[in-house]
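K.L.:
just the structure for this:
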Amino acid sequence: MKREMSLEGKAQHIYERMSSLAMEMAEDIVDSQPSAIPQEGQPLMFERRRPAESELRDVNNIKELYDHIRMLDADGYPHAFLSMNGLRIEFTNASCDSQSVTASAKIFFEED
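P.N.:
A predicted model of the protein is given here:
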């Protein structure tokens, strides 16, 4: 079963939309009792994201910067961050236009 779903906005909002959609799909499955169809192709396995992967590196343009911040802006994910001179700066609540990204920042001293 597939349904279209928007990937706009921050990760938390995407997960909330996905949760509602999954509930609708579960109800449809219970109501219609569909028969199983074998999957085609090779399965893809994804490893859990490591906190270090949230550091803002190799970002080449405004869209990539915005996407990096928004896709980590959900409960349970290590937020996008920069480290410099013993400080860690974490970013959430991003918005963007064609020339800049605006975001909330939390700044704290990194622990040794």
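
K.L.:
give the rounded mean pLDDT of stretch 77-97.
P.N.:
Averaged over stretch 77-97, pLDDT sits at 95.

K.L.:
buried residues in that stretch?
P.N.:
For stretch 77-97, burial by neighbour count (16 or more other C-beta atoms under 10 Å) applies to 79-81, 88-92, 94, 96. Heads up, the C-betas are built off the backbone N, CA and C, glycines and all.

K.L.:
what do you get for stretch 53-72?
P.N.:
For stretch 53-72, burial by neighbour count (16+ other C-beta under 10 Å) applies to 54, 56, 65-72.

K.L.:
can you map out the helices along this structure?
P.N.:
Secondary structure of the chain (DSSP state H): helices at 11-32, 62-70.

K.L.:
residues in contact with the spatially most central residue of the chain?
P.N.:
For the chain, Met71 is the residue whose C-alpha lies nearest the centre (C-alpha atoms, centre = their mean; 2.8 Å). Shown in contact with Met71 (C-beta atoms under 8 Å, 6 or more residues apart in numbering): 10-11.
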